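Undergrad: sequence and computational prediction follow.
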Amino acid sequence: MVARHDLTTDPALLAELLTVRRGTAFFARKLGELSDAEFDEPSLLPGWSRRHLIAHVGYNARALTRLVQWANTGVETPMYESPTARDAEIDFGSTLPVRALRHLIEHAAISLDVEWRDSPDEAWEAIVRTAQGREVPARETVWMRTREVWLHAIDLDNGARMSDIPAPVLTRLLSDITGAWRARGTDAGIVVAVEGTDDRLGGAGVADGDPADAGDPDGTVVSGSLPDLVRWASGRGDAGVRTSTGEPVTAPRWI
């Protein structure tokens, strides 16, 4: 049988698809290292066991599959019926037998990848709507899944580290997070400075991803390595970060 390939010919999109597939494989590897009994232990997300986390990652793939199908068919298929339905689905999934949870992760990821693979170039630009109500081109589903699999591999609390995440993914995550703060007006003048670079994100006059020396003179500079800053900014701990005031700073809410 002849191997099937992605229909898109966009080099940037093909590179993004490679990154998300590597993230999917990384999550699957960390999941596969867990024994059945270890599914019942806490994840790094407050209030969620590993079961909840695994169910969430599986159902997220199904939800994104619906968006890609929307782009491919023109028939509106929302990610979830409602936030309540999403939460109920995760709670239900957390009660499934371990074998079923393992199958959910595997089969949902395969289904999503098939939809991506069979999407022609024009479908990737079709507008779909996220669970938060944002209208985005279907190609955004690749990034949405990328951050899910890489970050939640860390949240499994099974030895994965922020430094395992590719630097381009970490850079985009940090830009997304600080951009969300600024859009909501919750950044409180925080400027995030990446060690070893000129990158300063957030704060008045500082554009995400652009090197700059300026910022809110009354703000607080939070500095550290790229992995440590993403850990802090995403609400996963402040190890390795420093502040210009010497006082700990709690990262604003991201999502």
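TA: Sure thing, it's come through.
Undergrad: residues contacting residue 58?
TA: Under the criterion of CB atoms under 8 Å, 6 or more residues apart in numbering, the contact partners of residue 58 comprise 93, 101, 104, 105, 108, 109. Just so you know, the C-beta spots here come from the backbone N, C-alpha and C atoms, and that holds for glycine as well.
Undergrad: tell me the SS of it?
TA: Secondary structure state of residue 58, per DSSP: H, G, I helix; E, B strand; the rest coil, is helix.
Undergrad: near the closest residue to it other than its chain neighbours, how many other residues are there?
TA: Excluding its sequence neighbours, the residue lying closest to residue 58 (CB to CB, 6 or more residues apart in numbering) is residue 104, at 3.7 Å. Under the neighbour criterion other CB atoms under 10 Å, residue 104 is assigned a count of 19.
Undergrad: and the pLDDT at residue 104?
TA: In the predicted model, residue 104 carries a pLDDT score of 98.
Undergrad: output the contacts of residue 58 as a markdown table; include the columns secondary structure.
TA: Listed next are the contacts of residue 58 as a markdown table, based on three-state DSSP:
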| residue | secondary structure |
| --- | --- |
| 93 | helix |
| 101 | helix |
| 104 | helix |
| 105 | helix |
| 108 | helix |
| 109 | helix |
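Undergrad: which elements pack onto the strand or helix carrying residue 176?
TA: Counting by DSSP states H and E, the element that carries residue 176 is helix 167-184. Based on contacts counted as 3 or more CB pairs under 8 Å, 6 or more residues apart in numbering; DSSP states H and E, the elements that helix 167-184 packs against are helix 11-32, helix 140-155, strand 191-194, strand 200-201, helix 226-233.
Undergrad: the shortest one - what's its average pLDDT?
TA: So that's strand 200-201. pLDDT averaged over strand 200-201 gives 83.
Undergrad: who does whichever helix or strand comes after that strand pair up with?
TA: Going down the chain from strand 200-201, the next helix or strand is strand 221-224, by DSSP H and E. Strand 221-224 sits in its sheet next to strand 191-194 (parallel), strand 242-243 (antiparallel), going by DSSP bridges.
Undergrad: which of these is buried the deepest?
TA: For the strands paired with strand 221-224, the largest average neighbour count (mean count of other CB atoms under 10 Å) is found in strand 191-194, namely a mean of 24.
Undergrad: tell me how far it lies from the chain's centre.
TA: Distance, stretch centre to chain centre, for strand 191-194: 20 Å (CA atoms, centre = their mean, to the nearest Å).
Undergrad: before we move on, back to that, rebuild the strands paired with strand 221-224 as a markdown table, extending it with distance to residue 130 and mean pLDDT.
TA: Written out in a markdown table, the entries for those read as follows (distance: least, CB to CB, whole Å; pLDDT from 0 to 100):
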| stretch | distance to residue 130 | mean pLDDT |
| --- | --- | --- |
| strand 191-194 | 24 | 94 |
| strand 242-243 | 33 | 94 |
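Undergrad: all set, thanks.
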